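Asker: Mind folding the following:
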Amino acid sequence: MKKNKDFDFIKNEFEKENITAPEVLSEDAVMDMLEGKKQRKIRFYQSKAFKSIVSAAACIAIAVTAFTVSKPYLVDNENITNNSSIQVLSSFASIDDVKSAVKKAERRNNYYNFTNVYGLGGTKDELEIAEAVTDSLPKANNASFGKTYKQVDAVEEGDILKNDGRYIYALSSEENIIKIYNSDAELVSSIDDFVYDYSERTYDEYIVDMYVYKDYLIVNTDKTEFEDDYVEYENTAVTYIYDISDISNPKVFNLFSQSGSHTSSRMIGSQLYIVSIDYIDTNWCKDDSDYIPYTCDGKKGDKESLALNDICYVENPDTTSYLIVGSIDIETGKRSSDTKALFGSGADVYCNENNMYVCMNELGGYSFKGNDEHRDSKVSIVKIKLDKNDIKFTAAGEVAGNTNDQFSMDEKDGNLRIATTSYNKDGDEINNLFVLDENLNKIGEVTGFAKTESIKAVRFIGDMAYVITYEQTDPLFVIDLTDPKNPQIKGEVKITGFSSLLVPVDENTLLGIGYSTEDGIEMEITNGLKLALFDISNPKKPKVLDSVSLKDVYSDAQDTHHALVVNDDKGYYAIPYNHYNNNRRGALTFEIQDGKIVITNDFKVSSYDYEGITRCTYIDDTLYAFSSRADIYSFNVKS
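Answerer: Coordinates of the predicted model:
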């Protein structure tokens, strides 16, 4: 290992960003920790969220990776079974209390939790809202059309492509505009309000996702406004509501904003819920208002700071961030309730029609005992009760480990079920499933399974949980939650590669979409797309019915469930795909026939986009594929 040059470089990058490098990053401390320690194998992980990071943040990532590879953050298995809930949810009494809390969290944060400040330590989204009203999208002439695949059928999730059976709305990420096509694949209009002149750049604004509700198009954006020196900036999550009754001329009907960066959103009927995260840096706080989250309504509205009694906090937070939750009634064009905020938590979000659960994957600090170091990981959870006209923070708790994505969480009969990956005292990955009651007290658990593997996919179906873990094979674990106080692993089955998304086909069959793998020089590596079909009719003896591997093929469906299309009317699935080694791109359709995965169509296109084909959808018998530029290709799908 190069000892001096690399650490000098990291130190200099910290100084450029006016960050004091923590002692744990000193050369001597790191070398002492690495001395004589066994190197762990790095397994495959892919996330598009890491494509653009500032230089100092990249250095932090390098340093943190060095630690986790040589000696990952540890959780003693005994501690896993003894986590207790934290019942501390209060609102601030004064601005001085707010300042004190921010500065205290900042001191705690400076040494070991700075990865979260730069967005390296968590996943975007996720919010899931269950058992609500019927689908709000209008059908035109009884057309069969593709809807965004989501965790709960009755609840809309935002995406970069929407289809209402009349028109298709697609985000051109390269141009930052929305293109609107009719069913004949003709461009009828576009929204280019977010294209700006770089020569007079005072802000950036990027489209995050969108919804369609009746004659309204809802567009969520992240806006960053810069000061003159470009060092200080302010992030705002903005929601635009467009009137599209005249599809040839979309017009802004209203807009709403709240401080922070857009993290998640969901829609139940006409109710839109917006979640953002706002990080506070005391170096940039010039007056009291800079410590408080804000909202702004209308095109020329003034910023309004949240009332102190609308801001809650948890005891000893590990992050200097606010989680901000706002709700908008699209039909009235007004906020449904007062916007609320929580200081000290925020990242992944799960929600049903009654409660929202906010989870943060946290990396604790190092503590030294003799020659051994110990690093904890935990998921902090906050429960929020949702009424149409009110939002209340009601409980807080924590469990060991980190979640994988939104499908790691589920609520049934008032209990939260959550699956995590943590480390035991020997530094090996282990996996857990916890059941928490309505007060976030732990009432049941199964821990320590699939040693040396990590969770890649979870799906809760009724009283059963299906968990995919991975190191070199893909075990599917079936966990019975009929007795929430005594979860039990009923069975498991292994297959090469791993699934990153589990899709219920019927009550006895589960489809896995993920990665095929092969042996590399020093580790298992991914080499393409894999589809797997599981028989789950007997929980004690799950079986692999079939699998299909496509080498050198990548699909966005491996990373996001929104890229999957399910056509129940025609009985097929569709996913976009791109080939690594040539310009072959397009969309695949496949069916489940007699326990087999049958690829029925391979629709090829000529696209030279860097991102390639990212989404597909359908109207009646026509399948449409979209590139990252929102270029459209159409195909006839034979019955």
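Asker: hey, let's count contacts and neighbours off CA atoms from now on
Answerer: Fine.
Asker: for the chain, longest helix please?
Answerer: helix 95-112 (DSSP state H).
Asker: Tell me which residues are up against stretch 500-514.
Answerer: With Cα atoms under 8 Å, 6 or more residues apart in numbering as the test, stretch 500-514 has contacts from 456-459, 468, 497-499, 515, 529-537, 557-559, 561.
Asker: go again using 7 Å as the cut-off
Answerer: Residues outside stretch 500-514 that contact it (Cα atoms under 7 Å, 6 or more residues apart in numbering): 456-459, 498-499, 529-537, 558, 561.
Asker: now do stretch 338-345
Answerer: 310-314, 317-326, 360, 390-391.
Asker: before we move on, back to that, give me the buried entries from the contacts of stretch 500-514.
Answerer: Buried members of those, scored by 16 or more other Cα atoms under 10 Å, are 456-459, 498-499, 529-536, 558, 561.
Asker: Quick check: which ranges of the stretch 351-500 of the chain have low pLDDT?
Answerer: 363-376, 472-473 (pLDDT under 70).
Asker: Please enumerate the strands of it.
Answerer: Applying DSSP state E, counting those that start in this stretch to the stretch 351-500 of the chain gives strands spanning 355-369, 372-387, 390-400, 409-412, 415-423, 429-436, 442-449, 454-461, 464-470, 476-480, 488-493, 498-506.
Asker: Reformat the ones you listed as JSON lines; add distance to Tyr294.
Answerer: JSON lines is the format used below for the strands of the stretch 351-500 of the chain (distance: least, Cα to Cα, whole Å):
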{"stretch": "strand 355-369", "distance to Tyr294": "20"}
{"stretch": "strand 372-387", "distance to Tyr294": "19"}
{"stretch": "strand 390-400", "distance to Tyr294": "16"}
{"stretch": "strand 409-412", "distance to Tyr294": "29"}
{"stretch": "strand 415-423", "distance to Tyr294": "31"}
{"stretch": "strand 429-436", "distance to Tyr294": "32"}
{"stretch": "strand 442-449", "distance to Tyr294": "35"}
{"stretch": "strand 454-461", "distance to Tyr294": "36"}
{"stretch": "strand 464-470", "distance to Tyr294": "39"}
{"stretch": "strand 476-480", "distance to Tyr294": "43"}
{"stretch": "strand 488-493", "distance to Tyr294": "46"}
{"stretch": "strand 498-506", "distance to Tyr294": "36"}
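Asker: Nearest to Lys570, out of the ones you listed?
Answerer: strand 498-506 (13.9 Å; Cα to Cα).
Asker: in the closest one, what counts as buried?
Answerer: Counting neighbours by 16+ other Cα under 10 Å, strand 498-506 gives Phe498, Ser499, Ser500, Leu501, Leu502, Val503 as buried.
Asker: tell me which helix or strand of this protein sits lowest on mean pLDDT?
Answerer: helix 55-70 (a mean of 32; mean pLDDT, DSSP states H and E).
Asker: Lys540 falls within a helix, correct?
Answerer: No: counting by DSSP: H, G, I helix; E, B strand; the rest coil, Lys540 falls outside a helix, being coil.
Asker: Spatially, which residue comes closest to it, not counting chain neighbours?
Answerer: The shortest distance from Lys540 to any non-neighbouring residue, by Cα to Cα, 6 or more residues apart in numbering, is to Gly491 (4.3 Å).
Asker: OK, contacts around that neighbour?
Answerer: With Cα under 7 Å, 6+ apart, Gly491 has these contacts: Phe477, Val478, Pro539, Lys540, Lys541, Pro542.
Asker: Could you measure from it over to Ser265?
Answerer: 36 Å (Cα to Cα, to the nearest Å).
Asker: any idea which element Ala93 lies in?
Answerer: According to DSSP states H and E, Ala93 maps onto no helix or strand at all.
Asker: Just the pLDDT at it, thanks.
Answerer: pLDDT, Ala93: 84.
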